[in-house]
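Peer 1: okay, predicted coordinates and the sequence, questions at the end:
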Amino acid sequence: MVDIKIFKKMHYFNLSIDFSIDKETLVIQGPSGSGKTTILDCISGIKSPDKGDIMINNKSIFSSENNIDIKIKDRNVGYVFQNYALFPNMNIKENIFFGIKCKKLKDSDYVDYLMNVFKICHLGDRYPNQISGGEKQRVALARALAIKPDILLLDEPFSALDVNTKNIVYKEFLQLKKLWKIDIILVTHNPEEARLLGDRIINIQSGSILNSDTPLNNFIM
């Protein structure tokens, strides 16, 4: 379970967010510049709120009152960036291993398992510039899950994909999220994507929550 109550002064508005999630996919939807990515950055530790609290599985990773601000590497947060942020000088298997090495974990069998689940075993020796957008997205997801995170953050990971690839990846995402019973926060500005992939949707604008919705997903697998 994740509890987030944060405030951060932005350039054009104040970000003030308060929500909880419990083993579900929460979609944060809103226009560009509304504060969506900043929320993810605060959870991951890339940015720090001005005040507030962030709890993951009853553990405080940020608290302005108690002067807690856990380092990024110690938060156990998986993050898939919009541009995937794969390391161009590492092959695919090395990219997936990166997070594990940073945490000094030894779990090569789990990496092999993830590569099999995401159907990227044949790409292990290739480099990011040698694979397609859909393949990069799978690699980025595998890398984020390799550390066995408590929460998975997805920052518009499907926005760069063409329509046909998106439809394939959507189906895969719906299937794969059943395998990992973890909290997922997906940021998007695509209403169709939000309805399709989310268990719950939060709409934000200028740093504030406008409303919350529980979509009825009618996607046929």
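Peer 2: Yes, it's here. Worth saying up front: this structure is predicted, and the values here are computed from it rather than measured.
Peer 1: let's see stretch 5-17 as CSV, backbone CA atoms only.
Peer 2: Taking C-alpha atoms only, stretch 5-17 is exported to CSV below (Å, rounded to 0.1, in the frame of the first residue of the first chain):
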residue,chain,number,x,y,z
LYS,A,5,0.4,13.5,0.7
ILE,A,6,2.8,16.1,-0.7
PHE,A,7,3.1,19.8,-1.4
LYS,A,8,5.6,21.3,-3.8
LYS,A,9,5.8,24.9,-5.1
MET,A,10,6.1,24.8,-8.9
HIS,A,11,6.9,27.6,-11.3
TYR,A,12,3.3,28.3,-12.4
PHE,A,13,1.3,26.6,-9.6
ASN,A,14,1.5,24.7,-6.3
LEU,A,15,1.4,20.9,-6.5
SER,A,16,-0.8,19.6,-3.7
ILE,A,17,-1.7,15.9,-3.9
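Peer 1: burial count for the closest residue to Asn76 other than its chain neighbours?
Peer 2: Closest residue to Asn76 apart from its sequence neighbours, by Cβ to Cβ, 6 or more residues apart in numbering: Asp150 at 4.9 Å. In short, each C-beta sits where N, CA and C put it, glycine included. The number of residues packed around Asp150, counting by other Cβ atoms under 10 Å, is 17.
Peer 1: distance check, Asp150 against Phe62.
Peer 2: To Phe62, Asp150 is 14 Å away according to Cβ to Cβ, to the nearest Å.
Peer 1: repeat for Leu123
Peer 2: Taking Cβ to Cβ, one finds Leu123 at 36 Å from Phe62.
Peer 1: name the nearest residue to Asp206, sequence neighbours excluded.
Peer 2: For the record, residue 206 is Ser, not Asp. Phe13 (4.3 Å).
Peer 1: next up, the contacts around the one you found.
Peer 2: Listed by Cβ atoms under 8 Å, 6 or more residues apart in numbering, the contact partners of Phe13 are Gly35, Ser206, Gly207, Ser208.
Peer 1: quick check, nearest of those residues to Asn167?
Peer 2: Using Cβ to Cβ, Gly35 is the member of the contacts of Phe13 that sits closest to Asn167, with 28.9 Å.
Peer 1: I'd assumed Leu15 was in contact with that closest one.
Peer 2: Yes. With contact defined as Cβ atoms under 8 Å, Gly35 and Leu15 form a contacting pair (4.5 Å).
Peer 1: which neighbours do the two share?
Peer 2: Common neighbours of Gly35 and Leu15 (criterion: Cβ under 8 Å, 6+ apart): Gly207.
Peer 1: now do the same contact list for Thr188.
Peer 2: Val27, Ile28, Gln29, Glu156, Phe158, Ser159, Ala194.
Peer 1: what about the fifth one, distance to Asp53?
Peer 2: If you measure Phe158 against Asp53 using Cβ to Cβ, the figure is 31 Å.
Peer 1: of those two, who's got more company?
Peer 2: Set side by side, Phe158 and Asp53 show more neighbours around Phe158, with 21 against 18, by other Cβ under 10 Å.
Peer 1: quick one, phi/psi of that one?
Peer 2: Torsion angles at Phe158 (phi, psi; degrees, to the nearest 10) stand at phi -110, psi 0.
Peer 1: Thr214 versus Ser208, what's the distance?
Peer 2: 20 Å.
Peer 1: more neighbours: which of these two?
Peer 2: Ser208 (15 against 10).
Peer 1: and the more buried one, what pLDDT?
Peer 2: What the model reports as pLDDT for Ser208 is 95.
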